[in-house]
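Peer 1: Sequence and predicted structure, then a few things I'm wondering about:
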Amino acid sequence: MNETIQLPPLREKFFRRERRSVPAARQFAYEALVGWGLAGTAVGDDVLLCVSELATNALVHGVPPGRHFLVFLRCDGHVLRVEVHDSGPGVPRVVDERDEGGRGLLLVAALSDKWGVGERDLGKVVWCEFACLRTGT
């Protein structure tokens with residue numbers, strides 16, 4: 001039986017600019033999903049993949065040396081929102097399917113219900129949302 005731990009609807013954590021931060025961000029998201037009763041569901045699996053893709057993009061393209069990125073998760077029982085904040089310039093885009101690499105946002109666009117990019121004072125936030133019904137409430 002899957003035991004659900006009640007977590008607050010908002011979770012956030014900073015990660016360093018290093019390779020091990022991507023699996024750490026995924027683990028952070030998994031722990032939140034367990035607490036919200038969404039681990040092991042189709043939505044939960046999609047969220048984990050999108051967290052990995054967005055964290056990888058932040059690490060490779062958005063976080064200057066010496067900086068961190070922020071993973072923000074919120075679940076209100078109806079919508080689960082993932083945000084990855086970084087301090088790098090530029091606006092990410094979905095690549096053409098014929099391109100050799102850079103398919104991370106293509107996956108995020110395909111798996112999430114909505115996604116987008118917002119501005120910050122320094123950098124950007126890339127976000128995606130998933131319709132969900134928490135099973136732990």
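Peer 2: Structure received.

Peer 1: what ranges do the strands span in the chain?
Peer 2: Using DSSP state E, the strands assigned to the chain run over residues 10-16, 68-75, 79-86, 114-119, 124-131.

Peer 1: quick one, which of these is packed in tightest?
Peer 2: strand 79-86 (a mean of 22; mean count of other Cβ atoms under 10 Å). C-beta here means a position set from N, CA and C on the backbone, and glycine is covered the same way.

Peer 1: Neighbouring strands - and their directions - for that one?
Peer 2: Strand 79-86 pairs in its sheet with strand 68-75 (antiparallel), strand 124-131 (antiparallel), by DSSP bridges.

Peer 1: Among the ones you listed, which comes closest to residue 88?
Peer 2: Nearest to residue 88 among the strands paired with strand 79-86 is strand 124-131; the distance by Cβ to Cβ comes to 7.3 Å.

Peer 1: between the closest one and strand 114-119, how big is the angle?
Peer 2: Taking axes from the mean of the first three to the mean of the last three Cα atoms, to 10 degrees, strand 124-131 and strand 114-119 form an angle of 160 degrees between their directions.

Peer 1: Check the model's average confidence along strand 124-131 for me.
Peer 2: Mean per-residue pLDDT for strand 124-131: 96.

Peer 1: what sits up against it?
Peer 2: Residues outside strand 124-131 that contact it (Cβ atoms under 8 Å, 6 or more residues apart in numbering): 43, 46-47, 50, 54, 57-58, 62, 78-86, 88, 90-92, 105, 108, 111-119.
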